[in-house]
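Participant: no sequence for this one, just the structure:
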């Protein structure tokens, strides 16, 4: 097994983010915050009916740029690992997410995506051999409820295929996040290189899927070009480099709960830019989601008490 280039930080279910890692946590949180802009960019700037093409332009150019900048290719087993992670985090996640978005109201799709921290909390038991944390599960569930209160409208309808696709998308990325934590990264590769491998692998898988489902690419005017540039540069290259860097250096369950920021940012932008006002119920959900995000960065109360006792003299 190839050793990571940096010391592995345990993603223990009961571990929290040390104070020294707060800047890294903030940088990692920028990724889902940027992804939260996807909705307003897609609806206001991009041609309608081509979500997969948008996903393709977010992934493949960013991956190729990262590989060109680092001039690093995978070695040995990392050809297969990069392909698996690219498929799980991008190539499979994106189409399933767009299927859910097309067949479900946006709020329902966003709430299903917010289930990712719950899935990660279970996967770390099987994949990373860590203890199941009731603390993580409880706050993960609270985060899902909070997002639901923010984004689900009173006329939300459910579609079986859409629900399955939404949950499968969340599960795909949850497994990708967990395996990224388990495998770390090779000593000779930078976070930018590893992100480039995954974006390229996922983007290459999206090429045939996009053209089979959506046909020829749409006409691109100036506003669409700016939208695709934002998705590719900020939502692709920069966001995924920060995201994968955070996964390998922070507790994985703490990183996973940060995805709750995406629907919250989307809701704020909808209110500010599109006049979609937030009522009292939405504000309560917003506060609950923020509480879940903060709690996800803290150690479970039992572990914190044990740490405090261990610091006392004579114990």
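Facilitator: Nice, I can see it. In this text the structure is predicted, and so the values were computed from the model without any measurement.

Participant: and residue 121, how far is that from residue 254?
Facilitator: Distance of residue 121 to residue 254, given as Cβ to Cβ, to the nearest Å: 11 Å. C-betas here are computed from N, CA, C, even on glycine.

Participant: kindly apply the preceding question to residue 27 instead.
Facilitator: The gap separating residue 27 from residue 254 is 13 Å, by Cβ to Cβ.

Participant: neighbour count winner among these two?
Facilitator: Between residue 27 and residue 254, counted using other Cβ atoms under 10 Å, the more crowded position is residue 254 (27 against 14).

Participant: mind checking the SS state of that one?
Facilitator: Secondary structure, DSSP: H, G, I helix; E, B strand; the rest coil: residue 254 is helix.

Participant: surely it is in contact with residue 24?
Facilitator: No: counting by Cβ atoms under 8 Å, residue 254 sits too far from residue 24 to count as a contact (10.5 Å).

Participant: list residues touching both of these two?
Facilitator: Common neighbours of residue 254 and residue 24 are not found (criterion: Cβ atoms under 8 Å, 6 or more residues apart in numbering).

Participant: which other helices and strands does whichever strand or helix holds residue 213 contact?
Facilitator: Assigned by DSSP states H and E, residue 213 falls within helix 191-214. Helices and strands touching helix 191-214, as assessed by 3 or more Cβ pairs under 8 Å, 6 or more residues apart in numbering; DSSP states H and E, comprise helix 51-70, helix 78-86, helix 93-103, helix 239-249.

Participant: can I get those in JSON lines with mean pLDDT, distance to residue 222 and mean neighbour count?
Facilitator: Converted to JSON lines, these look like this (pLDDT from 0 to 100; distance: least, Cβ to Cβ, whole Å; neighbours: other Cβ atoms under 10 Å):
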{"stretch": "helix 51-70", "mean pLDDT": "93", "distance to residue 222": "16", "mean neighbour count": "22"}
{"stretch": "helix 78-86", "mean pLDDT": "96", "distance to residue 222": "31", "mean neighbour count": "20"}
{"stretch": "helix 93-103", "mean pLDDT": "81", "distance to residue 222": "25", "mean neighbour count": "22"}
{"stretch": "helix 239-249", "mean pLDDT": "91", "distance to residue 222": "23", "mean neighbour count": "24"}
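
Participant: which residue, neighbours along the chain excluded, lies closest to residue 86?
Facilitator: Among residues not flanking residue 86 along the chain, residue 201 sits closest, at 2.7 Å (Cβ to Cβ, 6 or more residues apart in numbering).
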